[in-house]
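Chemist: return a 3D structure for these sequence lines:
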Amino acid sequence: MLSIIIPCYNTRECITALYESIKNILGHNKIAYEIIFIDDKSPQKDYEVVKHLSQIDSSVKLIKFVRNFGQQNAISAGLKISKGDWVIVMDADMQDDPIYIPQLYSKVQEGYDIVFAKRINRKHSFIKILESRVYHLCFNWLTGMDTDTTIGNYGIYSRKVVNEFNNMNEQFRSFGLLIKWMGFNCAYMDVEHGKRYTGKSSYNFHKGIILAFNAMIAFSQRPLKFAVLIGFGITFISIIVSIIFIIRWLLGEVAIIGWTSIVLSIWLIGGLNIIILGIVGLYIGKIFEETKQRPHYIIDYMVNINET
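Modeler: Modelled structure (predicted):
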């Protein structure tokens, strides 16, 4: 059986069209399936549409969150209760076209654990694509990983991969990054990136910055190492400059060191100290978040899901 995980947030107008498309495509290809929609406390009340579909089709399942916990936690909830031997993860806005599901399913049967959908001709704005490229460039440099701006969540994953993901309990739940980190045998398949069916993305620049910082801290210690190198560098430069000034003073070339250079030096060192303390503080904050061991999400209720 194939499980399809679809997090929902302000996609009420897309859900029925997406469901009909998936049902027709998989029915035509005679693939048994379940569709798991996760309502991430959508202001548009996406769950109402899903509940209606679940009443006429038992393969449609609903998880409704108590509050908004974010897309990545919604994906985690869907993966946790999925039953299929293979799992598809896709967005609800129709930009991940269901027409490629049979091809992904066929490709993964060639001996892969994962087949990622590689988006070509992305239908995002120039600014969003530029932000994505800058983020991936910085992330790859800091972590040593090789991520791709054309790869999102859309893809097919074996039960073995899903089980390993479910065993990870860390608070930062970036599905795509954690799957990439695992290192399972994977392949890529080109897919046409569709236009958003309706509305606009809930991701904005502010959310993107927060996600970028969290991802870099979760996957890399390079900022800490970089801070240590800065400290050593400043200390080394200070020693060299001090030696130079002492020699010049002994030779009578320097009488009094100017106040301007002293003040600027204090500002420089003070600013760098604040930056380094901030970096250390971010890591300590992440450790604090992990030690609390709070649940990644809280479910209000579920429909057509047997909890046993």
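Chemist: every contact and neighbour count from this point should use C-alpha atoms.
Modeler: Fine.
Chemist: so residue 245 sits in a helix?
Modeler: Yes. Using DSSP: H, G, I helix; E, B strand; the rest coil, the assignment for residue 245 is a helix.
Chemist: buried residues in the helix or strand where residue 248 lies, which are they?
Modeler: Using DSSP states H and E, residue 248 sits in helix 222-250. Neighbour-count burial for helix 222-250, with 16 or more other CA atoms under 10 Å as criterion, is recorded at 223-224, 227, 245.
Chemist: same question, stretch 155-165
Modeler: Quick answer for stretch 155-165 (16+ other CA under 10 Å): 155-159, 161-162, 165.
Chemist: out of everything not next to it in sequence, what's closest to the residue sitting nearest the centre point of the chain?
Modeler: For the chain, residue 174 is the residue whose C-alpha lies nearest the centre (CA atoms, centre = their mean; 3.6 Å). Residue nearest to residue 174 in three dimensions, not counting chain neighbours: residue 72, with 5.8 Å by CA to CA, 6 or more residues apart in numbering.
Chemist: break the chain down into its domains, please.
Modeler: 2-127+149-202+296-303, 222-292 (automatic domain parsing).
Chemist: so where do the helices sit in the stretch 1-150 of the chain?
Modeler: Taking DSSP state H, counting those that start in this stretch, the helices of the stretch 1-150 of the chain run over residues 12-28, 46-56, 71-81, 101-108, 126-143.
Chemist: can you tell me which of the ones you listed is most buried?
Modeler: helix 71-81 (a mean of 22; mean count of other CA atoms under 10 Å).
Chemist: which residues touch that helix?
Modeler: 5-8, 36-40, 63, 87, 89, 162, 166, 173-175, 296-297, 305, 307 (CA atoms under 8 Å, 6 or more residues apart in numbering).
Chemist: next one, pLDDT for the residue nearest to residue 174 please.
Modeler: pLDDT, residue 72: 91.
Chemist: could you measure residue 35 against residue 117, distance?
Modeler: 19 Å (CA to CA, to the nearest Å).
Chemist: wait, residue 57
Modeler: On the measure of CA to CA, residue 57 and residue 117 end up 27 Å apart.
Chemist: which of those two has more neighbours?
Modeler: residue 117 (25 against 13; other CA atoms under 10 Å).
Chemist: pLDDT-wise, which helix or strand of this protein ranks last?
Modeler: Within the chain, no helix or strand scores below helix 205-219, which has a mean of 67 by mean pLDDT, DSSP states H and E.
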